[in-house]
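In: Quick one, fold the following:
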Amino acid sequence: MTSGRAPQDAPTDQVDEEELGENAPGPPEHLVLAAEFTDATRDQWAAAVDGVVRKSGRIGEDAPLGAGVEKLAWDTADGIRVRPLYTAEDVADLPATGVPGALPFVRGSRAGGHVPAGWDVRQHHAAPSAAAVHDAVLADLENGVSSIWLAVGAGGIPVAELGAALDGVELDLAPVVLDAGESAAEAAEAFLTLAEERGVAKDALLGTLGLDPVGLRARAGSGPAVDSVVPLATRIAGEYPQVRAVVVDATPLQEAGGSEAQELGFSLAAGVAYLRALTGAGLAVSDAARVLEFRYSATAEQFPTIAKLRAARRLWSRVLEASGADGPGQAQHAVVSPTLFSRRDPWVNMLRGTVAGFAAGVGGADAVTVPPFDIAIGEAEPFSRRVARNTQALLIEESHLARVIDPGGGSWYVEHLTDDLARAGWAFFQELEAAGGAVAALDSGLLAEKIGEVRAKREKGVATRRTPLTGVSEFPDLDEKPVERTPLPEPVARGGLPLYRPAEAYEAHRDRSDEILAETGARPAAFLATLGPLAAYTARAGFARNLLQAGGIAGPEAGPTETPEEVAEAFRKAGSPVAVLCSTDALYGERAEATAAALREAGAARILLAGKPSSSGGSYEGVDGYLFAGCDALAVIDEVYAALEVEK
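Out: Numbering: from 1, shown residues only. All right, here's what the predicted structure looks like:
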């Protein structure tokens, strides 16, 4: 038998102050970290950073103070400049964030936050079979999930089978959120009828009906009028105190490649449209706001996600204040975006989901959805749903995130980014309002145009691998064993904003490579023409190999070589019409052109070089293209496939 108490002779770090007597320590003095050191000034820090960056060659010896610091700064998709250091000076003039549960709700809509039980763990179910959904829903609820997000109608179960899918679900204990698209009103009525038939009191019923004609228009390109929500929403406001009727869904913008500020601005414009419709029907502003739930995307960019959710609450409180109400705080549902997930190396999706779920929880979302890691491949299985819900259980129970209210609060960076996003989001909201509101901006194409500008930047970042996709554009595994899943039904056509999944372009090339492997027994390949000893070419050969494999192209190499003739002989044996020179700049100056000539003589149709054109500003004769950090990797991969097709 064991005991929670230690044996008497066990070592202990406890001190008996009575035994110490007059030697007992007095009360601790105020501890000042680094008290023996003088405070460093910002200029001193900048000078130290400049010195490090100067050694890397990124700034010159005569660069002005702070030039190295500026090299470490970067711009978000909204053009917000993010600096490498923030201090108290940077937030001195920012608006007060207040306290949790009070205006402007930056620090949370509830005074007690999620302490200690955690936020609402909400899982999505979209199988077409009511029986399959029923089993999955009960498994989720029995193992840590606290609410269900259920697809009904197109893309989900038929409305008539809602009762069968929810058989055994206590509607006054587990909130049900409907995702019904064009069938939203029909599904909502069916849900309310089901609750009545089961004897659930109106004041005890939990859930969200999911009415969202604006979000439907964003995805499908058309939808009912905004005021179509009025009959059900006014009924909910008067009879069902714990049910929300309308969802203000901003996730279609992120799914189309939009920015954080665009999500914020659109959510405000759509929310205001619903407020106008509901108050025009006679509801008070606070009552109308109470039946709204806002849905935002959470991504693996954790700090922008945290700041976006905080900024959203601040902005919505400003809208309500301008409308004559001081609340309620914004109800938020954060969804880890499925567009983040890849079909290749899908295990990495677990990490993406964890980081994004962490950001959603830290940002103060009331409900969080983490999709199964295999959602980009096909139907989720019990194992992947278990991992998804356990991801949130780990964040809440083991990492204790819910034991701290607004963990990001007080961080000079988070507070500054929150303010920056709030201002950018408000500016976009004003732009949409000036264009006639959310619906008008969708119908006119203005919103699609603005999002398209941001998506183009994202596409460039992915193509140049400045925005890395682990397991896809970085560190791909050509020998990975595919994860097999039952294919999903054909998705509902999107006539509105497009669906942008960053990994898709690389995955198309990987699919092409798999097809060639199945047909010929070998993958497409580009020969790595390595020059000099191993130490000379290792780094650039590794870079070239990684880039090519991202497109499904294998990279056999020559090994240490001394002469162009040795490289050409190894090239002939490899049997590929494409060669990539890999070595140092010094060896390129000595051998690149001679080696290129030898390779051309040996039959090379396309010769690339891992590195930039020569430092003199010119190009190496005989070289057709260059592979370097920031080059368009997708264009290079296309070129290699084109050369392989010509040779074939």
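
In: so where is this structure shaky, pLDDT-wise?
Out: Within the chain, the stretches with pLDDT under 70 are 1-35, 492, 615-618, 646-648.

In: my guess is Thr208 is in a strand, correct?
Out: Yes: applying DSSP: H, G, I helix; E, B strand; the rest coil, one finds Thr208 inside a strand.

In: wait, Leu478 sits on Ser513?
Out: Yes: in this structure, Leu478 is within contact of Ser513 by C-beta atoms under 8 Å, at 7.5 Å. Where you see a C-beta, it was placed from the backbone N, CA and C, and this is true even at glycine.

In: helix, strand or coil for Leu150?
Out: strand.

In: Any figure for the gap between it and Glu601?
Out: 66 Å (C-beta to C-beta, to the nearest Å).

In: Neighbour count for these two, which is higher?
Out: Using other C-beta atoms under 10 Å, the more surrounded residue of Leu150 and Glu601 is Leu150, with 27 against 11.

In: So what's the residue count around the nearest residue to the more buried one once chain neighbours are set aside?
Out: Distances taken as C-beta to C-beta, 6 or more residues apart in numbering put His125 closest to Leu150, at 5.4 Å, once the chain neighbours are dropped. Residues lying near His125 (other C-beta under 10 Å) number 21.

In: Backbone dihedrals for His125, please?
Out: Per-residue torsions, His125: phi -130, psi 120 (degrees, to the nearest 10).

In: and it, what is it in contact with?
Out: Counting by C-beta atoms under 8 Å, 6 or more residues apart in numbering, His125 makes contact with 133, 136-137, 140, 148-151, 156, 165.

In: and what of Asp172?
Out: Asp172 touches 200-201, 204-206, counting by C-beta under 8 Å, 6+ apart.

In: quick revisit: any common contacting residues for Leu478 and Ser513?
Out: Shared contacts of Leu478 and Ser513, defined by C-beta under 8 Å, 6+ apart, comprise 523, 552.

In: So if I had to pick from those two, which one is more boxed in?
Out: The neighbour count for Leu478 versus Ser513, taken as other C-beta under 10 Å, is higher for Ser513 (21 against 17).

In: any chance you could map the helices in the stretch 101-250 of the chain?
Out: Secondary structure of the stretch 101-250 of the chain (DSSP state H, counting those that start in this stretch): helices at 130-142, 162-165, 184-197, 213-220, 230-239.

In: can I get the ones you listed in a markdown table with distance to Val335 and mean neighbour count?
Out: Formatted as a markdown table, these follow (distance: least, C-beta to C-beta, whole Å; neighbours: other C-beta atoms under 10 Å):
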| stretch | distance to Val335 | mean neighbour count |
| --- | --- | --- |
| helix 130-142 | 16 | 18 |
| helix 162-165 | 21 | 20 |
| helix 184-197 | 17 | 19 |
| helix 213-220 | 12 | 24 |
| helix 230-239 | 22 | 19 |
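
In: which stretch among these comes nearest Glu449?
Out: helix 213-220 (13.9 Å; C-beta to C-beta).

In: Just say helix, strand or coil for Val483.
Out: Of the three states, Val483 takes coil under three-state DSSP.
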